[in-house]
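**Student:** Need a 3D model of the sequence below.
(one chain, ligands or ions: 2)
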Amino acid sequence: MTAAPAPTGRVLATLNADGSRRWIRPKPSRGKFWQRRRAVAYGLMLFFLAIPHFRLNGKPLMLLDLTRREFTLFGTTFLPTDTLLLMLLGISLLIGIFLLTALFGRAWCGWACPQTVYMEFLFRPIERLVEGGWARSRQLDKGNEHFHPRRLVKYAIYAVLAAVLGNTFLAYFVGTEQLSHWMMQSPFEHPTPFVVMAITTVAVFLDFTWFREQTCLVACPYGRWQAVLLDQQSLIVAYDPNRGEPRGQPKKALPLAPAAGDCVDCGACVLTCPTGIDIRDGLQMECIHCTQCADACDTVMRKVGKPEGLIRYTSKESLAGHVRHLIRPRTVLYPVAFALFFGGFLFALETKPKADVTLLGAIGQPFTREPDGSVVNQVRIKIANRSRATQRYTVDLEDADGARLIAPELPLNVVNGRTVTTSVFVILPAEAFHHGQKQVRFRVSDGAAFMQEVPWLLRGPEDHDGKREERDK
Ligand code: SF4
Ligand code: SF4
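**Tutor:** Ligands and ions are numbered 1, 2, ... in the order given. Sure thing, here's the model as predicted:
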């Protein structure tokens, strides 16, 4: 078999030169940044797990109900008709991400992204614990021992965790009550959600077992955006070549040798990097700004008696010896744009009607006749309660003297965020119709903040006094 040709350019950090997988088992560096990130990570893990259980205004904090096409965020339910609101919120979030990246670089990736949080503070620690440390994991890789008993134990633990995360993921879409109900039943009674949960569990398992850091390197679009989202002033984790170069081991035997840089070329920053890169090569797309290299290097600097911060939070401008400016076009324009769009969103949210009322005609015949000749119109009234509490709606008829309104289900209780359709029947004498029509108005009210009048055209016999119908008999 001929050997694979040698690569001509830089190879992805997770690949060997021959194209095979390079497994990355980073050595943890438990420095000051790691301590802070760990506290944030555990808080976020709890938060991610708890979100579906939290309630606000009697609703889940977040529920993405795809079947009903309703999104509940922070106790407010958005319906399919809320396109403008969702668009304003979506654009605000996007601008917020742009602004955060311009100010703090990829802080999201290193500190808060679920992929990093779970990988670095749950799955990798379990791997090190079960396999006997990062160096032992590397030995297992070298020996191609992917089914070593310790690895099988690790896979089993990963599978349990993936199932927990898969079920939590499903709770974001169906709610915790529904999920608990399903968990008590056989999967055959709810096959579709079960398949969604099973696929999610398998995807989570494969992600943290096999795909791992490649999610950040090749799958996540955010890393690719950084080329345009970062500027010379953005906060980045970077190696200071002015201080570090020329790198090399200190030459104690030659006190008069030219002064070396602070980097002792120990490789600790590379050994600890969860994406397998060398930060001394400059800012790279693969860098998730996790600060592990900064922690590793600080430890080395303390050992060799040099100041910490050879790898640190800085900016390209600062590294070039200039002052970092916080005020610059993008840090002015992004907040202005964010204030405009998010302000627009809040305004639209506060001023939107407290309910949506839609009238629909009868299915089938447009009207029916009573034995006494009077005309019956069935009208279906759809009410979407957009307020923050359950409401009791009444319906009245306007511009219809002599009409009787029969509404078996009124007043109608509608839980906030829910939509209910009810039928009412309007009975009018045939003489009330002119050319087969009678214009009326329905007034829907919750008795407090909401009242809406909706015009509606009732249908009746063609001849306004009913004589044509009599003639036709
Ligand atoms: S850890 Fe610091 S001293 Fe060691 S190679 Fe990296 S930059 Fe140089
Ligand atoms: S280069 Fe440093 S900050 Fe970037 S991913 Fe690697 S360890 Fe984290």
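
**Student:** only C-alpha atoms for contact and neighbour calcs from this point on.
**Tutor:** Noted.

**Student:** now for the longest helix seen in the chain, which elements pack on it?
**Tutor:** Assignment by DSSP state H gives helix 149-174 as the longest helix of the chain. When contacts are defined as 3 or more Cα pairs under 8 Å, 6 or more residues apart in numbering; DSSP states H and E, helix 149-174 packs onto strand 62-65, helix 124-131, helix 176-183, helix 191-206.

**Student:** Tell me which of those sits most buried.
**Tutor:** strand 62-65 (a mean of 21; mean count of other Cα atoms under 10 Å).

**Student:** Packing partners of it?
**Tutor:** For strand 62-65, the packing partners by 3+ Cα pairs under 8 Å, 6+ apart come out as strand 70-73, helix 149-174.

**Student:** follow-up on the earlier one: format the helices and strands packed on helix 149-174 as a markdown table; extra columns: mean pLDDT.
**Tutor:** What follows is the helices and strands packed on helix 149-174, written out as a markdown table (pLDDT from 0 to 100):
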| stretch | mean pLDDT |
| --- | --- |
| strand 62-65 | 87 |
| helix 124-131 | 97 |
| helix 176-183 | 90 |
| helix 191-206 | 93 |
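
**Student:** Out of these, which is closest to ligand 1?
**Tutor:** helix 124-131 (21.1 Å; Cα to the nearest ligand atom).

**Student:** I'd like the next helix or strand past the closest one.
**Tutor:** Using DSSP states H and E, the next helix or strand after helix 124-131 towards the C-terminus is helix 134-142.

**Student:** Can you give me the buried ones in the longest helix of the chain?
**Tutor:** By neighbour count with 16 or more other Cα atoms under 10 Å, helix 149-174 contains the buried residues 150-151, 154-155, 157-159, 161-174.

**Student:** and if you look at stretch 301-311?
**Tutor:** Buried positions in stretch 301-311, judged by neighbour count with 16+ other Cα under 10 Å: 301, 309-311.

**Student:** Quickly, which of the helices and strands packed on strand 62-65 bottoms out on average pLDDT?
**Tutor:** Note on the helices and strands packed on strand 62-65: strand 70-73 shows the lowest mean pLDDT, a mean of 84.

**Student:** Dump the helices and strands packed on strand 62-65 to TSV, plus distance to ligand 1.
**Tutor:** TSV is the format used below for the helices and strands packed on strand 62-65 (distance: least, Cα to the nearest ligand atom, whole Å):
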stretch	distance to ligand 1
strand 70-73	44
helix 149-174	30
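
**Student:** Any chance of JSON lines for the ones you listed, columns distance to residue 339?
**Tutor:** What follows is those, written out as JSON lines (distance: least, Cα to Cα, whole Å):
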{"stretch": "strand 70-73", "distance to residue 339": "20"}
{"stretch": "helix 149-174", "distance to residue 339": "29"}
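
**Student:** Any part of stretch 264-273 near ligand 1?
**Tutor:** Yes - using Cα under 6 Å from any ligand atom, we find that stretch 264-273 touches ligand 1 at 264-269.

**Student:** oh, I was asking about stretch 291-311
**Tutor:** Yes - using Cα under 6 Å from any ligand atom, we find that stretch 291-311 touches ligand 1 at 296-297.

**Student:** What lies in contact with that stretch?
**Tutor:** Applying Cα atoms under 8 Å, 6 or more residues apart in numbering, the contact partners of stretch 291-311 are 28-34, 110, 237-240, 243-244, 262-263, 268-270, 272-273, 279, 312.

**Student:** For the stretch 151-300 of the chain, which residues are neighbours of ligand 2?
**Tutor:** Residues of the stretch 151-300 of the chain lying near ligand 2 (Cα under 6 Å from any ligand atom): 237, 273-275, 277-279, 287-293.

**Student:** Which one of the residues in the stretch 51-200 of the chain is closest to ligand 2?
**Tutor:** Across the stretch 51-200 of the chain, the shortest distance to ligand 2 (Cα to the nearest ligand atom) belongs to residue 110, at 7.3 Å.

**Student:** can you count the residues close to that residue?
**Tutor:** The local packing of residue 110 (other Cα atoms under 10 Å) involves 20 other residues.

**Student:** Equivalent analysis for the one 5 residues further on, please.
**Tutor:** By other Cα under 10 Å, 17 other residues sit near residue 115.

**Student:** quick one: it is in a strand?
**Tutor:** No - assessed with DSSP: H, G, I helix; E, B strand; the rest coil, residue 115 is helix; it does not lie in a strand.

**Student:** residues in contact with residue 450?
**Tutor:** Neighbour list for residue 450: 353-355 [criterion: Cα under 8 Å, 6+ apart].

**Student:** Residue 387 and residue 352 touch, don't they?
**Tutor:** No - in this structure, residue 387 is not within contact of residue 352 by Cα atoms under 8 Å, at 9.6 Å.

**Student:** more crowded one of these two?
**Tutor:** With neighbours defined as other Cα under 10 Å, residue 387 and residue 352 compare such that residue 387 has more, 19 against 14.

**Student:** How is that one assigned, secondary-structure-wise?
**Tutor:** Secondary structure, three-state DSSP: residue 387 is coil.

**Student:** Disregarding residues adjacent in the polypeptide, which is nearest to it?
**Tutor:** Spatial nearest neighbour of residue 387, excluding adjacent residues (Cα to Cα, 6 or more residues apart in numbering): residue 354 at 4.9 Å.

**Student:** same check, this time on residue 388
**Tutor:** Nearest residue to residue 388 in three dimensions, chain neighbours excluded: residue 416, at 5.6 Å (Cα to Cα, 6+ apart).

**Student:** sorry, back to before: show the buried residues in the contacts of stretch 291-311.
**Tutor:** 28-29, 31, 33-34, 110, 237-240, 243-244, 262-263, 268-270, 272-273, 279, 312.

**Student:** show me what contacts residue 247?
**Tutor:** Each residue near residue 247 by Cα under 8 Å, 6+ apart is listed here: 260-265.

**Student:** Please tell me how far it sits from ligand 2.
**Tutor:** Distance, residue 247 to ligand 2, using Cα to the nearest ligand atom, to the nearest Å: 17 Å.

**Student:** can you check residue 461 too?
**Tutor:** Per Cα to the nearest ligand atom, residue 461 is found 77 Å from ligand 2.

**Student:** That residue and residue 433 touch, don't they?
**Tutor:** Yes - judged on Cα under 8 Å, residue 461 makes contact with residue 433 at a distance of 7.0 Å.

**Student:** can you tell me which of the residues of stretch 264-273 next to ligand 1 lies nearest to ligand 2?
**Tutor:** Proximity to ligand 2 was ranked across these by Cα to the nearest ligand atom; first place goes to residue 269, at 6.5 Å.

**Student:** Am I right that residue 324 falls within a helix?
**Tutor:** No - Residue 324: not assigned to a helix; according to three-state DSSP it is coil.

**Student:** so it touches residue 236, yeah?
**Tutor:** No - counting by Cα under 8 Å, residue 324 does not reach residue 236; the two are 11.9 Å apart.
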